[in-house]
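# the sequence and its predicted three-dimensional model are supplied below.
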Amino acid sequence: QVQLVESGGGLVQAGGSLRLSCAAAGRTFGMYKMAWFRQAPGKERELVARIMLAGDSAVHADSVKGRFTIARDNAKNTVYLEMKSLKPDGPAVYLCAAAVTGGYYKYWGPGAQVTVSS
């Protein structure tokens, strides 16, 4: 089991940058693949990026490719989402999630609010 808490959200202008962090409690962080999702009001939750156990393999959604970067530091039990060139999409909640390899994303953080203004 792992507990997740996101931080780093806030209000930013379009074109700006923000870095989200997700801290995991537990000694088995390195056993989980990690992901960032986002959910905007009235829209379905979408996968933004995911990263495998050792951090050597990552996938980003087409909508954020080239602008967002997922990374992890297993020594710090933390996964990051570096966001650049943010678009004025309005508010969204960014959630980090953890899954064992081959499993579904079972563990979720409470989310961090990100609002990009025009």
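Okay, I see it. Numbers count the residues shown, from 1 in each chain.

# can you give me the strands for the protein?
Taking DSSP state E as the criterion, the chain carries its strands at 3-7, 10-13, 18-25, 32-39, 46-51, 58-60, 68-73, 78-83, 90-100, 107-108, 112-117.

# of all residues in the chain, which one is nearest the centre?
Residue closest to the mean C-alpha point of the chain, counted by CA atoms, centre = their mean, is residue 36 at 2.7 Å.

# residue contacts, that residue?
Neighbouring residues of residue 36 by CB atoms under 8 Å, 6 or more residues apart in numbering: 20, 22, 47-50, 70, 79, 81, 94-97. Where you see a C-beta, it was placed from the backbone N, CA and C, and this is true even at glycine.

# can you put those residues in CSV and add neighbour count and distance to residue 111?
Listed next are the contacts of residue 36 as CSV, based on neighbours: other CB atoms under 10 Å; distance: CB to CB, whole Å:
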residue, neighbour count, distance to residue 111
20, 24, 10
22, 25, 10
47, 14, 14
48, 23, 12
49, 23, 16
50, 20, 17
70, 22, 16
79, 31, 14
81, 28, 12
94, 22, 6
95, 22, 5
96, 29, 9
97, 22, 10
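
# and the gap between residue 47 and residue 35?
Note on residue 47: its distance to residue 35, by CB to CB, to the nearest Å, is 6 Å.

# repeat for residue 70
For residue 70, the distance to residue 35 - CB to CB - is 8 Å.

# what's the overlap in contacts for those two?
By the contact definition CB under 8 Å, 6+ apart, residue 70 and residue 35 are jointly contacted by 48-51.

# quick one: residues contacting residue 84.
17, 67-68.

# try it again with 7 Å
17, 67 (CB atoms under 7 Å, 6 or more residues apart in numbering).

# quick check: it vs residue 110, distance?
From residue 84 across to residue 110, the span is 25 Å (CB to CB).

# residue 6 now?
According to CB to CB, residue 6 stands 7 Å off from residue 110.
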